[in-house]
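1. Requesting a structural model of the entry that follows:
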Amino acid sequence: MNVLKVVIVCIVALKLFSIELFAAVSAPFSTTGNYLGVHNGREYAPVFVKGINIGAAVPGSWPGQLAISAAQYARWLRMIADAGFNTVYIYTLHQPRFYEEFARYNRENPQKPLYLLQGVWLREEYPSRNTTNDLYSLTEVFDREIQNTIDCVNGNHSIPFRPGEGFGEYTANVSQWVIGYIIGREIHASEVELTNFRHFNRTAYSGSHLSIEDASPTEVWITERLDRLIAYESSKYQVTRPVAASSWPTLDALDHPTEPRNSGHDDVSVDMNKLQIVDAPGGFFLAYHVYPYYPNFMNTDERYKNTRDIHGINNFLGYLQRLKRHYTNFPLLITEFGVSTSLAVASSSVSGMNHGGMTEEEQGLFAMRMLRNIYDSDCAGGAMFSWQDEWFKTTWITHPLTSNRRNLWHNLCSPENNFGLIRFAPNPNFYHARQTQRFGARKVSRTDIWHDFASFNVDIALRSKLNHGDTIWIAIDTYHRNRGESILPNGKRVNNRAEFLLSITHQSANLYVTQAYDLFGLALKLNESNAYQTTVSNGAPWQLVRWRYGSNTQPATQLIGQLNVSLGNTRARTHHSVQITDDKISIRLPWTLLHFSDPSMFAVIDDNTSQTLCATQISCAMQYLGSTHTTGVALTLFYNNETTALTPYIWRAWELNNDGVINPNMFIELEKESLGIIREGLRRTPFTPK
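-> Here you go, the predicted structure:
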């Protein structure tokens with residue numbers, strides 16, 4: 001009898017201990033209905049996430065350098081909160097200074113704190129050739145990074161130096177503001193296909209916190225990673241919170257019959273609606289990157305392109321509504337959306353919200369339109385992409401025209417370079433030197449030539465304003481003085497043969513390129529030229545600079561050589577390449593439009609495709625064309641029967657400084673017009689959870 005009493009007492013004690021242990025695990029944030037919620041002492045108050053992504057790079061750096069300074073973080077966080085955002089999303093572990101400044105801002109603003117969506121980056125580099133595209137080969141490294149990240153946000157970790165990733169002493173505890181973890185990145189279809197093929201027998205997982213059945217090996221792998229994340233945080237820190245895995249439309253579980261077969265955009269799916277919660281008080285949510293122009297089915301599926309909002313056709317809204325109808329079990333958070341202010345367009349949308357080509361005003365208006373669509377679709381909120389422009393990024397349509405030094409200059413034409421709500425503009429106090437030439441010409445008195453990290457610049461001082469019928473022709477010889485076209489459309493000859501020709505009237509400006517140097521259709525491999533280099537020609541036709549974008553099956557043309565012009569003394573905006581006033585013409589030509597692959601080292605495109613992979617590939621989009629070095633840019637002006645040859649302009653190369661970035665005196669931070677529009681939009685629209 002005494003033995004039985006002892007056993008009973010032990011069982012009761014164990015039960016009480018387990019209850020006490022369970023009770024010790026708190027969940028300050030949890031999913032609640034369609035939203036993420038914050039516990040207010042009584043219940044989980046739903047929050048509509050009004051988020052913004054902060055990237056990892058500044059001018060001159062690569063993301064792995066994590067070169068953003070403490071002062072920049074501090075300034076940006078204040079600006080983000082003042083604009084009306086309530087959440088910051090970062091893809092990876094940043095340096096300790098981010099968390100220190102994040103904690104400082106929230107401690108100083110307890111009535112208006114920012115929440116943090118903390119990402120855990122999944123490497124894209126595989127250990128060996130034999131494990132390429134197999135997610136299971138990344139398990140050990142990824143699980144370790146999950147634990148590192150949890151320890152760091154709790155201010156409880158020290159990481160030795162490691163290239164390309166966050167390191168240092170993490171002592172700032174920001175866990176009280178971490179509203180959720182998002183693991184991974186946009187996983188490619190090839191990764192899913194190979195993972196499913198190699199591990200075909202892994203179709204279920206039963207964890208302590210999450211489980212899944214009748215699943216693909218990829219879905220099992222994701223579930224296990226999230227289960228281990230919850231287990232680690234709850235056992236070590238007695239807390240749990242919402243978790244998700246990053247995804248995108250190419251892997252959704254919907255059918256897209258209009259998408260071409262084997263495009264990689266509708267071949268496989270990852271459906272986390274199958275996931276089951278066993279013991280995860282924080283809950284699970286979906287995290288999707290969604291844009292209105294990609295993949296192709298966004299524009300071709302009748303269910304999307306026939307959807308409308310108050311502004312007109314809106315395929316973005318149509319897709320969100322259908323995606324949310326599928327994901328009924330969990331909140332759906334749109335963790336990337338937005339448009340770019342680049343000059344060039346890479347993809348178009350039936351909604352008009354294209355991949356590039358947007359003005360700063362359009363960027364702000366479209367961002368608010370998409371956030372309203374997210375709200376109306378009963379999603380949990382969204383995180384705009386992105387806070388700052390990042391120069392290192394590349395876009396298929398501009399990639400062939402750049403180089404592996406693309407982080408040293410700002411490509412105004414590349415959509416991926418220009419998603420930010422703030423931009424880094426040339427500092428006028430740094431770029432003040434001019435190459436000045438004065439003339440006794442009747443119409444032109446002086447030219448000033450200079451450069452910066454974004455464009456080649458010319459100011460022309462006029463003795464009298466341009467009248468209707470007047471045309472200034474400017475021949476631009478970018479390299480090889482003895483190559484290029486010698487005859488202008490008006491019959492005039494140039495001594496310095498030219499690759500480009502700029503014509504300016506009283507209200508327009510057009511940029512032309514020689515027939516031999518015309519790269520029209522390059523990225524889609526629709527260019528029939530045998531060589532992308534200047535040649536000798538006399539009287540060959542000049543071509544308006546045009547770019548091909550879209551897809552091989554549905555190509556479109558952008559007349560990018562029809563330059564945006566600002567007339568009069570109104571402030572020139574980002575897209576304006578030419579400003580015309582009564583006494584002056586200001587020209588700002590983006591380097592890419594002049595086929596500079598690296599202005600920091602005077603490199604221009606000069607490629608014989610018989611010597612490159614480009615000649616044998618379906619697409620040149622992810623290859624660099626060959627380059628050579630210029631000895632300067634030589635201009636020749638033609639106006640009212642007067643010809644003026646200018647001294648070739650050459651500049652100093654620029655390199656990284658001792659901190660591995662460009663000289664910070666080269667640029668200043670400026671708000672785009674879009675930020676003001678978003679600030680006002682968020683002020684007027686509370687987006688109260690339904």
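2. which residues of the stretch 1-150 of the chain fall in helices?
-> Under the criterion DSSP state H, counting those that start in this stretch, the stretch 1-150 of the chain carries helices at the ranges 2-23, 70-83, 96-108, 139-153.
3. residues in contact with the third one?
-> Okay, so that is helix 96-108. With contacts defined as Cβ atoms under 8 Å, 6 or more residues apart in numbering, helix 96-108 is touched by 68-70, 73-74, 77-78, 81, 88, 90, 113-114, 116, 152-153, 155, 166, 168-174, 177. C-beta here means a position set from N, CA and C on the backbone, and glycine is covered the same way.
4. Stretch 182-195: which residues count as buried?
-> For stretch 182-195, the neighbour count (16 or more other Cβ atoms under 10 Å) marks 182-185, 187-189, 191-192, 194-195 as buried.
5. just stretch 62-72 next, same as before
-> Buried positions in stretch 62-72, judged by neighbour count with 16+ other Cβ under 10 Å: 62-63, 65-68, 72.
6. For residue 457, the count of nearby residues, please.
-> Counted with other Cβ atoms under 10 Å, residues neighbouring residue 457 total 18.
7. Quick check: chain neighbours aside, which residue is closest to the residue positioned nearest the centre of the chain?
-> In the chain, the residue lying closest to the centroid (Cα atoms, centre = their mean) is residue 416, at 4.4 Å. Among residues not flanking residue 416 along the chain, residue 393 sits closest, at 3.7 Å (Cβ to Cβ, 6 or more residues apart in numbering).
8. cool, residue 240 as well?
-> Spatial nearest neighbour of residue 240, excluding adjacent residues (Cβ to Cβ, 6+ apart): residue 282 at 4.3 Å.
9. cool, residue 534 as well?
-> Residue 534's closest residue in space is residue 483 (Cβ to Cβ, 6+ apart), at 4.4 Å.
10. any idea how far residue 502 is from the one you found?
-> Distance of residue 483 to residue 502, computed by Cβ to Cβ, to the nearest Å: 19 Å.
11. more neighbours, these two?
-> Neighbours around residue 483 and residue 502, counted as other Cβ under 10 Å, are more numerous at residue 502. The numbers are 23 against 20.
12. Cross the buried residues of stretch 182-195 against strands and list the overlap.
-> 182-183 (DSSP state E).
13. Of the buried residues of stretch 182-195, which is the nearest to residue 300?
-> Of all the buried residues of stretch 182-195, residue 300 sits closest to residue 189, with 18.4 Å by Cβ to Cβ.
14. What is the neighbour count of the nearest residue to residue 307 once chain neighbours are set aside?
-> Ranked by Cβ to Cβ, 6+ apart and with sequence neighbours excluded, the top spatial neighbour of residue 307 is residue 318, at 3.0 Å. Counted by other Cβ under 10 Å, the residues lying close to residue 318 total 25.
15. Pull the contacting residues for residue 318.
-> So residue 318 contacts 301, 303-307 (Cβ under 8 Å, 6+ apart).
16. What of residue 158?
-> Residues near residue 158 by Cβ under 8 Å, 6+ apart: 168-170.
17. That one pairs with what?
-> residue 169 (DSSP bridges).
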